[in-house]
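Asks: sharing a sequence plus its predicted fold:
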Amino acid sequence: MGALAWNHAGEVLAAMASKGQGAVEAEVAEACSLRRALQSAHSLAFRRLVVESDCATIVSAITSETFKMNSSLGLILLDCKALLESFEYCRVQHVRRTGNAAAHELARRALTAEADEFLGGWYTS
């Protein structure tokens with residue numbers, strides 16, 4: 001997974017690249033990445049954020065008032081919804097893959113890294 005945090009001026013505050021949990025379905029991996037990013041933002045005491053994802057299914061599910069919790073994906077999304085409520089303001093929105101290029105590059109970098117990496121203060125385990 002790859003994630004970046006930047007401020008209103010476009011300056012990168014933190015970035016991380018993480019290998020993740022191994023082979024899982026793409027939507028589960030996207031949901032896990034969302035949860036990890038929200039956990040990291042919470043631990044860094046971010047209070048207001050806009051989260052972007054190129055996975056329309058995850059964005060639709062997380063922004064919906066009702067969603068099916070019939071799988072591990074549903075449980076992960078339930079965790080994400082609880083985390084979203086811990087912020088003063090948090091919006092989740094869809095972005096085209098081309099708009100998410102930096103996060104994808106970090107995710108690609110994580111595939112060949114020996115350990116998780118962090119820049120600018122995000123600690124990853």
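Replies: Looks like it came in fine.

Asks: show me which parts of the strand or helix carrying Ile58 are buried, residue by residue.
Replies: In this structure, Ile58 is located in helix 56-63 according to DSSP states H and E. Of the residues in helix 56-63, Ile58, Val59, Ala61, Ile62 count as buried by neighbour count, 16 or more other C-beta atoms under 10 Å. In this view, the C-beta of every residue, glycine as well, is placed from N, C-alpha and C.

Asks: verify the stated contact: the second one with His94.
Replies: So that's Val59. Yes. With contact defined as C-beta atoms under 8 Å, Val59 counts as touching His94 (4.4 Å).

Asks: nearest to Cys80, of the buried residues of helix 56-63?
Replies: Cys80 lies nearest to Ile62 out of the buried residues of helix 56-63, by C-beta to C-beta, at 5.7 Å.

Asks: so for that closest one, what's the pLDDT?
Replies: Ile62 is assigned 90 on the pLDDT scale.

Asks: so it sits right up against Leu83, yeah?
Replies: No. Applying C-beta under 8 Å, one finds Ile62 not in contact with Leu83, separated by 10.2 Å.

Asks: in stretch 75-88, which of the residues would be classed as buried?
Replies: Result for stretch 75-88 [16+ other C-beta under 10 Å]: buried residues Ile76, Leu77, Asp79, Cys80, Lys81, Leu83, Leu84, Phe87.
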